[in-house]
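# Test case, fold it:
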Amino acid sequence: MQIFRVNLNDIWKIDLASVTGELTWEEIKVKGKPPIPRHGHTMNALGHFLIIFGGVTDKNLCLNKLVVYNSIENEW
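As a prediction, this is how the structure comes out:
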């Protein structure tokens, strides 16, 4: 099982089933155009997709776009 974290256009993963038992974060270099950096958004996992909706930019612009990350293709 892996857990993904999105924070200002970077994505990190941690392998909870590591053979060594050592939990270390690894940054993922994602293909495609990344979404606008945001906070206050919702993110849900559906199969191998991370679905992000809404949020607020650093200039207080409210977003209403839906963006999807595909963890198999490693692409936005």
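
# wait, Lys13 sits on Leu23?
No. Lys13 is beyond contact range of Leu23, at 11.0 Å (criterion: C-beta atoms under 8 Å). In short, each C-beta sits where N, CA and C put it, glycine included.

# more crowded one of those two?
Taking other C-beta atoms under 10 Å, Lys13 and Leu23 do not tie; Lys13 has more neighbours (14 against 10).

# So in that sheet, which strands flank whichever strand or helix holds that one, and in what orientation?
Using DSSP states H and E, Lys13 falls within strand 10-15. Here strand 10-15 has these sheet partners by DSSP bridges: strand 2-7 (antiparallel), strand 25-28 (antiparallel).

# Identify the residues contacting the shortest one?
In other words, strand 25-28. For strand 25-28, the external contacting residues (C-beta atoms under 8 Å, 6 or more residues apart in numbering) are Phe4, Asp10, Ile11, Trp12, Lys13, Ile14, Asp15, Asn74.

# how much space is there between the last one and Asp15?
The gap separating Asn74 from Asp15 is 15 Å, by C-beta to C-beta, to the nearest Å.

# returning to that earlier point: joint contacts of Lys13 and Leu23?
By C-beta under 8 Å, 6+ apart, no residue touches both Lys13 and Leu23.

# What segments of this structure are helices?
Taking DSSP state H as the criterion, the chain contains no helices.

# Average pLDDT for stretch 15-29, rounded please.
Averaging pLDDT along stretch 15-29 yields 83.

# So for that stretch, first residue to last residue, what's the gap.
End-to-end distance for stretch 15-29: 16 Å, by C-alpha to C-alpha, to the nearest Å.

# From the chain's centroid, how far away is it?
The gap between where stretch 15-29 is centred and where its chain is centred comes out at 16 Å by C-alpha atoms, centre = their mean, to the nearest Å.

# Kindly report the same for stretch 28-41.
The answer for stretch 28-41 is 7 Å, by C-alpha atoms, centre = their mean.

# Glu73 against Val30, yeah?
No. The criterion here is C-beta under 8 Å, and Glu73 misses it with Val30 at 9.6 Å.
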